[in-house]
Every structure is written in structure tokens, then in C-alpha cells.
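[1] build me a structure from this.
(one chain, ligands or ions: 1)
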Amino acid sequence: MLSSLVHIVTIVPPPMVTLKHISSNGIGSRCCMENFLEKKKENLKLCSTNKKMKSGNVKVSVREQVSPLFNVDNKEVATLNGKLQEQLREREMVLTDGIGIVRFIKGKVFLITGATGFLAKVLIEKILRTVPDVGKIYLLIKAKDKDAALQRIQTEIINTELFKRLRQTHGKSHQKFLLSKLVPVVGNLCESNLGMDMGIADKIANEVDIIINSGCNTTFDERFDVSLNTNTLGPCRFLSFAKTCRKLKLFLHVSTAYVNGERQGIALEKPFYKGDSIAREKAASENPMTPFPLLDVEGEVKMAFDASKAFQDNIVAKEMKEYGQQRARSYGWQDTYVFTKAMGEMMIDSQREEIPVVIIRPSVIESTYSEPIPGWIEGIRMLDPLLVSYAKGQLTGFPIDAKGIIDTVSIFLRHA
Ligand SMILES: NC(=O)c1ccc[n+]([C@@H]2O[C@H](COP(=O)([O-])OP(=O)(O)OC[C@H]3O[C@@H](n4cnc5c(N)ncnc54)[C@H](OP(=O)(O)O)[C@@H]3O)[C@@H](O)[C@H]2O)c1
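    Residues are numbered from 1 along each chain as shown. Got it, this is the predicted structure:
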């Protein structure tokens with residue numbers, strides 16, 4: 001069934017699984033900015049009240065009154081409760097197995113790009129923790145050789161705090177376990193045959209069941225040619241490789257909710273076809289008789305590469321950044337990143353043939369909720385600078401449309 005369809009899933013918390021709420025500024029809906037900041041404020045107030053109560057010994061908890069022997073403080077009890085609940089939840093999920101994802105993943109071989117990035121790292125940890133009998137996970141990583149790729153796996157993936165739970169579970173043998181599963185593959189989405197050595201490419205093509213393309217250039221105002229190469233042509237190269245894989249069951253491509261560009265109101269998720277654009281859609285809705293040029297993806301690629309050769313070295317980067325922004329806006333997307341991601345989706349759709357494709361479009365991804373560790377996030381980006389400076393009291397003003405809507409999703413992954 002999968003082979004005849006492109007599945008597009010927007011990752012927002014339930015119940016908004018298939019509908020995407022878009023505000024007047026094109027940003028999806030989760031809660032109003034006003035309410036959001038108010039809630040943060042309340043939380044902060046609550047924290048400071050709790051602190052005061054503790055330091056002033058104003059209140060003695062029921063537990064302390066009942067049993068002076070029970071000298072564990074509230075925080076520890078809450079942590080223990082949380083851990084217990086989480087363990088029960090995990091056990092329940094393993095027992096019930098939801099819609100069968102765990103069963104499906106057992107023994108399956110993966111090829112994943114973007115493993116050193118924020119999203120794929122969490123996914124890899126989750127797979128290894130919940131399905132330890134998964135098959136090999138090949139990780140396509142930019143590196144000069146296999147040793148350097150392995151070094152990146154160690155320093156940027158398995159030695160990070162995110163993998164703490166796995167280290168605890170497997171104790172002394174954790175390195176052995178992790179390295180028996182994670183296989184470094186030197187490669188690059190921007191090179192032909194993904195920059196892979198022919199021997200390893202053949203081996204993967206024989207073994208791989210699931211391909212996940214999370215690799216991406218996430219800079220909003222990247223040079224047009226650079227962004228196109230990774231986000232539009234990269235998925236095409238990956239898809240070409242997927243066609244050589246003998247037992248492939250799934251090609252999962254990670255896109256973004258913001259490919260919806262400046263669409264307004266509530267919009268049903270739908271795939272992009274070649275020629276589509278947000279501006280064309282808008283023009284047609286305003287006046288169906290107005291002609292609007294079809295978006296020519298190959299034409300955009302050719303123009304960008306030609307333009308990059310035409311500029312002098314000292315101005316090429318600046319000019320190509322501006323060019324990308326200008327082309328994105330002229331077709332109704334807000335920046336080069338989402339424009340090239342949308343074109344990546346179009347290329348996948350036009351070239352997939354019989355490949356079973358799923359495209360997911362997460363909104364802004366924020367920290368973990370509770371597992372493997374609460375509040376884990378990498379770097380300060382997206383909404384984080386806003387939250388951090390607000391929490392520190394440094395953000396005294398932020399000009400917004402009070403009815404504007406923000407759309408974030410936790411990177412907390414639960415199997416269904
Ligand atoms: N984070 C979010 O809030 C968010 C929201 C919506 C959608 N998404 C989507 O989720 C996916 C992952 O995002 P992320 O936040 O994890 O991004 P990220 O942290 O910026 O990581 C990007 C990853 O892609 C790799 N990569 C970049 N260019 C590559 C190339 N030419 N060949 C091979 N690998 C390459 C990077 O490798 P290096 O380390 O070698 O550079 C890195 O591992 C993206 O498709 C993004 O569009 C993210």
C-alpha cells in the first residue's frame with residue numbers, strides 16, 4: 001500500500017495530527033504567544049514561591065508530619081515517582097506494542113543521515129534503548145575517512161549526555177553494544193552516489209530495510225546554491241540510492257511544517273507537486289484567471305549554479321544569500337531554507353516511482369519532555385534564545401502580534 005502513496009505527516013501533539021493550523025504570519029498553531037509567555041511567567045512565579053516556602057520552613061509536608069523517618073525531600077519523591085511512572089509506561093508500551101512499531105523495527109537495518117544533528121541523534125538513542133535487538137544502523141557522516149567518522153560518532157553522539165541512560169543500562173559493555181550497532185559510513189548528500197565508497201554502498205544496498213533522511217542544511221539564509229545542493233538535490237541523490245536497495249521497506253524524509261510558507265488559516269497537509277508554489281496557490285485563490293508562472297525546480301538549480309559562477313569570489317557568498325531569499329519570497333516562501341526544503345519534497349514526489357515514501361513535517365522542535373532525560377536539548381536555537389532571555393529577565397520587550405500563534409513540539413518520541 002505504501003508504494004503508491006506519499007504519506008505526509010505533520011508532527012504536532014495530538015489531537016492535531018493531520019491538520020496544520022497556520023496563523024496570519026504563516027506560523028502554525030499550538031498556543032498564543034501571549035498565553036505562552038504568561039504560562040512561562042506563572043511557572044517562574046511558582047518556582048520562586050516554592051523556593052521561598054522551602055527556605056522559610058513555612059510549610060511542613062503531610063509526609064514529613066506522618067513519618068519523620070521518611071527523610072527524603074519532595075523533589076526526590078517527585079523524581080522517584082516520575083521515574084517509576086516512566087518505567088511503567090515503557091513496560092506497558094512494550095507489552096502492548098501499540099501499532100507494532102517495536103515489532104517492525106526488530107532486526108531491521110537502517111541507513112540514517114543527519115546523525116550528528118539534533119533530531120536524528122534522539123531518534124537513534126530511542127531506537128537503541130527501546131529496541132536493542134534492532135539490526136545495524138549505518139550512519140552517513142561527513143568525514144575525511146572512516147576513523148574520522150567513527151570519532152564523530154563517539155564524540156558527537158554516544159558520549160553525549162543524551163546517551164547517559166544507555167550507558168547506565170549497558171554498564172561496562174555500553175561501548176561494545178553501541179559500536180556493534182552503529183556503523184560509520186563516510187558520505188555526503190552533496191556528492192554523487194552520496195560520496196560513498198562503492199564497496200560499502202553495495203553492502204548497504206543489500207542489507208538496508210529503512211532509510212531516514214534527516215540530513216539537511218538548516219541555515220535559513222544560506223547561499224542559494226549551497227542550500228539547493230543539500231536540501232533539494234540531496235534527497236534526489238538519496239532516492240536514487242534507495243532505488244538500488246533490494247529490500248527497502250521505507251524511505252522516510254524529514255521535512256518541515258514551514259514548507260507551508262505563507263499559507264494562512266487552517267490548512268490540510270498535502271504533498272507538493274512540481275510546479276506548485278505558495279504564491280501560485282494564493283494568486284489562484286484570489287483570481288483564478290491570473291496567470292502565475294510554474295515553479296521550475298531544475299530551472300532554479302541551473303540559475304543558482306550559473307549565478308554562483310558569475311559572481312566575483314569576494315561577493316559571491318553575500319550575493320547568493322540574497323538571491324536565495326529573493327527567489328524564496330517571489331514564490332511565497334519566507335526564506336531559502338523552507339523554499340529549498342519544499343523543492344526537495346517536489347523532487348522526491350516526482351522521482352519516487354515504486355519507493356515507499358513517508359515525508360514528515362515537524363514544526364519547531366524543542367527539548368525532550370521526560371525521556372531519556374528531562375529537558376535535554378542541543379544548543380540554543382529556534383525558540384530557545386527567546387525562552388532563555390525571558391527566563392533570565394533579559395527580554396523586556398518583544399514586538400509580536402498578540403494573536404500570533406507559535407507551534408512547537410517536544411523532541412520526546414513515543415512509539416505508537
Ligand atoms: N530542529 C528543528 O526544530 C526542526 C524543525 C522542523 C524540521 N526539522 C528538520 O529535521 C531535520 C533535522 O534537523 P536538525 O535540527 O537535526 O538539524 P541539524 O541539527 O542542523 O543537523 C543537520 C544534520 O545534517 C547533516 N548534514 C548537513 N549537510 C549534510 C550533507 N551535505 N551530507 C550529509 N549530512 C549533512 C549535518 O551533519 P554535520 O554535523 O556534518 O554538519 C547534521 O548531522 C532537517 O531535515 C530539518 O529540516 C528540524
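[2] return the residues of the stretch 51-200 of the chain in contact with the ligand.
    The stretch 51-200 of the chain has residues 113-120, 140, 142, 188-190 near the ligand, with proximity defined as Cβ under 6 Å from any ligand atom. For glycine as for every other residue, the C-beta is placed from the backbone atoms N, C-alpha and C.
[3] and the strands in this structure?
    6-11, 19-22, 31-32, 110-113, 137-141, 182-186, 210-213, 250-254, 265-268, 357-362, 364-366, 405-406, 408-410 (DSSP state E).
[4] who is Ile210 paired with across the strands?
    Judged by DSSP bridges, the bridge partners of Ile210 are Phe110, Leu250.
[5] what distance do you get for it to Met196?
    To Met196, Ile210 is 17 Å away according to Cβ to Cβ, to the nearest Å.
[6] do Leu123 as well
    In terms of Cβ to Cβ, Leu123 sits 21 Å off from Met196.
[7] just give the nearest non-adjacent residue to the residue in the chain positioned nearest to the ligand, would you?
    Nearest residue of the chain to the ligand, counting by Cβ to the nearest ligand atom: Gly117, 2.1 Å away. Leaving aside its sequence neighbours, Gly117 sits nearest to Ser214 (Cβ to Cβ, 6 or more residues apart in numbering; 6.4 Å).
[8] just Ile137 next, same as before
    Leaving aside its sequence neighbours, Ile137 sits nearest to Phe110 (Cβ to Cβ, 6+ apart; 4.4 Å).
[9] ok so, going back, give me the number of residues near the residue nearest to Gly117?
    The number of residues packed near Ser214 is 19, by other Cβ atoms under 10 Å.
[10] just to revisit the earlier point, so the residue of the chain closest to the ligand sits right up against Gly215, yeah?
    Yes - contact criterion Cβ atoms under 8 Å: Gly117 and Gly215 qualify, at 7.2 Å.
[11] so between those two, which is more surrounded?
    Shown here are Gly117 and Gly215; by other Cβ under 10 Å, Gly215 has more neighbours (26 against 16).
[12] from what I see, that one and Leu111 are in contact.
    No - counting by Cβ under 8 Å, Gly215 sits too far from Leu111 to count as a contact (10.9 Å).
[13] so what sits against both of those two?
    Residues touching both Gly215 and Leu111 (Cβ atoms under 8 Å, 6 or more residues apart in numbering): Leu140.
[14] stretch 214-232 near the ligand anywhere?
    Yes - contact of stretch 214-232 with the ligand (Cβ under 6 Å from any ligand atom) involves 214-218, 230.
[15] can you put these in TSV and add distance to Val357 and pLDDT?
    Rendered in TSV, the data for these read as follows (distance: Cβ to Cβ, whole Å; pLDDT from 0 to 100):
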residue	distance to Val357	pLDDT
Ser214	15	98
Gly215	16	98
Cys216	16	98
Asn217	21	98
Thr218	21	96
Thr230	19	98
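[16] I'd like to know which of those are part of helices.
    In helices, judged by DSSP state H, none of the residues of stretch 214-232 next to the ligand are found.
[17] looking at these, which is nearest Gly275?
    Closest approach between the residues of stretch 214-232 next to the ligand and Gly275, by Cβ to Cβ: Thr230, at 22.3 Å.
[18] what's the closest non-adjacent residue to that closest one?
    Asn217 (4.1 Å).
[19] what residues are up against the one you found?
    By Cβ under 8 Å, 6+ apart, the contact set of Asn217 is 226-227, 230-231, 337, 340.
[20] from these, which single one is nearest Val297?
    Nearest to Val297 among the contacts of Asn217 is Thr340, at 9.7 Å by Cβ to Cβ.
[21] just give the closest residue to that closest one, not the sequence neighbours.
    Thr340 sits nearest to Asn231 (Cβ to Cβ, 6+ apart), 3.9 Å away.
[22] I'd say the one you found and Tyr337 touch.
    Yes - between Asn231 and Tyr337 there is a contact under Cβ under 8 Å: 7.2 Å.
[23] among the two, which residue is more densely surrounded?
    Asn231 (28 against 23).
[24] per-residue confidence at that one?
    Per-residue pLDDT puts Asn231 at 98.
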